[in-house]
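Here is a sequence with its predicted model. Questions after.
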There are 2 protein chains.
Amino acid sequence: MIIIGELINASRKAVAAAIESGDKQTIQKIATDQAQHMANYIDVNAGIFADKEAEYLTWLVETVQAATDVPCAIDSPSPKAIEAALKVHNGTAMINSISLEKERYDNLMPIIAGTDLKVVALCMSDDGMPVTVDDRLKIADKLINGLLQNHIPVENIFIDPLVQPLSVDKTYGKGFINTIEAITLKFKGIHTACGLSNISYGLPARKHLNRAFMIQAILKGLDGAIVNPLDKGMISAIVAAEALAGKDDYCMKYLKAFRAGLFE
Amino acid sequence: MIIIGELINASRKAVAAAIESGDKQTIQKIATDQAQHMANYIDVNAGIFADKEAEYLTWLVETVQAATDVPCAIDSPSPKAIEAALKVHNGTAMINSISLEKERYDNLMPIIAGTDLKVVALCMSDDGMPVTVDDRLKIADKLINGLLQNHIPVENIFIDPLVQPLSVDKTYGKGFINTIEAITLKFKGIHTACGLSNISYGLPARKHLNRAFMIQAILKGLDGAIVNPLDKGMISAIVAAEALAGKDDYCMKYLKAFRAGLFE
């Protein structure tokens, strides 16, 4: 499982305040905490600062990279902000994200074409959010083929089929994970990634649904997720689910995570 | 999910003591607690008292039924003890369990043939525990066909493919749940049931594996389990997993369990 640590996001008040005041220490503490708790990428998001997004995103990348070797996931819908942040990033960043929306696609593809960047691709088009498994697969197909034609290796692509709330339709959980399974079977070596918490939107005790959804999605092939690595309940769910899915020889990763105190 | 409450088992010291001293109050408290926490059957097991098993099992059934309308799961490998307990049971009991072991099969089948009892059938033969999915399916096939020929309706049959520890082989988790899926697809209307905790034998922090395994098994069709209904972490895992598997219209069961304080 490739874990993208979600905590450096300006929609969180403490993060926004640290960005505005140039408080490197706070940002670096959040970065290193996540790196020590199994994060493979540190997400950086300054989306709330519309006109200063590029500047702040660049500062976030520099600040995080001064504290940890774990690469950044540059989280923005803006090609301009992504391009600026990439200029200062050392190593191989993840870009979060491209989609089939025409303007986003046309502006971002030239920036990432032919690079070795990891690319998250959202199953979203100008027609809005897809609903059925088939709709999602059609968009995923187009995205993957477009990325391959632009020389992004298949193993650098992370498809996000987009989670929709179970409270809206009881089939949305199974629909999502069946899409994960279909993509994983169709495109050998491809990755999938998503934020899961939308599944529990509108329902109480959301952590139970979020963890159970993660556990089921892993069984069907999900191998990337944007989560809070400091959420021990979620980390233990991930590690246990991967062992049960047959992905952990001799339960070594499970035992290692347990011994490192990463479990709830 | 059909929940079999596991707590009235003489292998637990307090239960053994209550049985030996004829302490009805203790047994009845455990029975009603489980009934109030979603148990559909109250398991009764007096297996440690070899020569007094039939007598004690009968007493347990009478004691439990004086306190709750929830029926018993009569849990014994001994046809003699099962027969004695059935004589005093009101309503439709569950029998736990028949298997393909010749002596057990030949002695128990005449007792249950043509009844409306719920029957747990273990995928075990005189050749020992099956290992592969195919081995399990072959035994399940024979058991199901034998039960059907003896006029047990398919919807009264609960197949238990037997969980084996993940620490022994990393494929045992997936092997088990793939068997659940295959049985569920092949025999329409049949149930599956199991005790899950063997999956985590030999590993630390077992609750994480047990819950994650339950969540994955439910996705593949598991619809019965013997668990501790007072384990709120397990109950919330079950209720969340069933909602995600598309089995909970408008998340009503999820909301009801949450409001009843059954969640962790």
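Perfect, thanks for sending it.

Close to chain B: what parts of the stretch 51-200 of chain A are there?
Where proximity means Cβ under 8 Å from any Cβ of the partner chain, the interface of the stretch 51-200 of chain A facing chain B comprises A:166, A:167, A:170, A:171, A:173, A:174, A:177, A:199. (Glycine included, C-beta is placed from N, CA and C.)

Find the pair from those with maximum spatial separation.
Of all pairs drawn from these, the one with the longest distance (Cβ to Cβ) is A:167 and A:177, at 17.1 Å.

which one of the two has more residues nearby?
Remark: of residue A:167 and residue A:177, residue A:177 carries more neighbours, 24 against 18, as counted by other Cβ atoms under 10 Å in any protein chain shown.

Am I right that the more buried one is in contact with residue A:218?
No - distance between residue A:177 and residue A:218: 9.2 Å, which falls outside the contact criterion (Cβ atoms under 8 Å).

what's the spacing between stretch A:104-112 and its chain's center?
Here the centre of stretch A:104-112 is set off from its chain's centre by 19 Å, with Cα atoms, centre = their mean, to the nearest Å.

Oops, could you answer that again for stretch A:145-155 instead?
19 Å.

could you turn it into CSV, dropping everything but the C-alphas?
Taking C-alpha atoms only, stretch A:145-155 is exported to CSV below (Å, rounded to 0.1, in the frame of the first residue of the first chain):
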residue,chain,number,x,y,z
ASN,A,145,-4.6,5.6,-22.9
GLY,A,146,-3.9,9.3,-23.0
LEU,A,147,-1.3,9.0,-20.3
LEU,A,148,0.4,6.0,-22.0
GLN,A,149,0.5,7.9,-25.4
ASN,A,150,2.2,10.8,-23.5
HIS,A,151,4.9,8.3,-22.3
ILE,A,152,3.8,8.0,-18.7
PRO,A,153,4.8,4.4,-17.8
VAL,A,154,1.8,2.3,-16.7
GLU,A,155,3.3,1.7,-13.3
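
now the strands for the stretch 101-250 of chain A?
A:118-122, A:157-160, A:191-192, A:224-227 (DSSP state E, counting those that start in this stretch).

Take those and lay them out in JSON lines including mean neighbour count and mean pLDDT.
Supplementary listing: these in JSON lines, determined by neighbours: other Cβ atoms under 10 Å in any protein chain shown; pLDDT from 0 to 100:
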{"stretch": "strand A:118-122", "mean neighbour count": "25", "mean pLDDT": "97"}
{"stretch": "strand A:157-160", "mean neighbour count": "26", "mean pLDDT": "97"}
{"stretch": "strand A:191-192", "mean neighbour count": "24", "mean pLDDT": "98"}
{"stretch": "strand A:224-227", "mean neighbour count": "24", "mean pLDDT": "97"}
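
remind me, longest helix of chain A?
helix A:133-149 (DSSP state H).

Run the angle between that one and strand A:118-122 for me.
In terms of direction (axes from the mean of the first three to the mean of the last three Cα atoms, to 10 degrees), helix A:133-149 departs from strand A:118-122 by 150 degrees.

which residue sits closest to residue A:213, ignoring its sequence neighbours?
Excluding the flanking residues, the one nearest residue A:213 by Cβ to Cβ, 6 or more residues apart in numbering or on different chains is residue A:199, at 4.7 Å.

so what's that neighbour up against?
For residue A:199, the residues meeting the contact criterion (Cβ atoms under 8 Å, 6 or more residues apart in numbering or on different chains) are A:163, A:164, A:165, A:166, A:172, A:173, A:176, A:209, A:210, A:213, B:244.

So which bits of stretch A:91-99 are buried?
In terms of neighbour count (16 or more other Cβ atoms under 10 Å in any protein chain shown), stretch A:91-99 has its buried residues at A:93, A:94, A:95, A:96, A:97, A:98, A:99.

do the same with stretch A:256-264
By neighbour count, with 16+ other Cβ under 10 Å as the criterion, the buried positions of stretch A:256-264 are A:257, A:258, A:262, A:263.

Return the alpha-carbon coordinates of that stretch using CSV.
Coordinates of the C-alpha atoms in stretch A:256-264 are reproduced here as CSV (Å, rounded to 0.1, in the frame of the first residue of the first chain):
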residue,chain,number,x,y,z
LYS,A,256,7.0,-4.9,12.0
ALA,A,257,4.2,-2.4,12.2
PHE,A,258,3.0,-3.9,15.4
ARG,A,259,6.4,-3.8,17.0
ALA,A,260,6.9,-0.2,15.8
GLY,A,261,3.8,0.8,17.8
LEU,A,262,1.9,1.9,14.7
PHE,A,263,-1.3,0.0,15.7
GLU,A,264,-4.2,1.2,17.7
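
can you give me the mean pLDDT across it?
Taken as a whole, stretch A:256-264 has a mean pLDDT of 92.

That one: how far from the chain's middle?
Stretch A:256-264 has its C-alpha centroid displaced from the chain centroid by 23 Å (Cα atoms, centre = their mean).

hmm, who's touching that stretch?
Stretch A:256-264 has contacts (Cβ under 8 Å, 6+ apart) with A:37, A:38, A:232, A:233, A:235, A:236, A:239, B:204, B:205, B:208.

For residue A:209, see how far away the fourth one is.
In this case it means residue A:233. 12 Å (Cβ to Cβ, to the nearest Å).

between the two, who's got more neighbours?
residue A:209 (28 against 17).

Longest strand in chain A, please.
Of all the segments of type strand in chain A, defined by DSSP state E, the longest one is strand A:2-9.

Now do that strand against strand A:118-122: the angle between them, please.
What separates the directions of strand A:2-9 and strand A:118-122 is an angle of 80 degrees, with the same axes, to 10 degrees.

Strand A:2-9 pairs with which strands?
Looking at strand A:2-9 with DSSP bridges, its paired strands and their directions are strand A:41-45 (parallel), strand A:224-227 (parallel).

As JSON lines, these with distance to residue A:66 would be great.
Supplementary listing: these in JSON lines, determined by distance: least, Cβ to Cβ, whole Å:
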{"stretch": "strand A:41-45", "distance to residue A:66": "12"}
{"stretch": "strand A:224-227", "distance to residue A:66": "23"}
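
Kindly list the main-chain dihedrals of residue A:254?
The phi and psi torsions at residue A:254 (degrees, to the nearest 10) take the values phi -60, psi -50.

Identify the residues contacting the nearest residue to it once chain neighbours are set aside.
Among residues not flanking residue A:254 along the chain, residue A:243 sits closest, at 4.6 Å (Cβ to Cβ, 6+ apart). For residue A:243, the contacting residues are A:251, A:253, A:254, B:166, B:170, B:173, B:209, taking Cβ under 8 Å, 6+ apart as the criterion.
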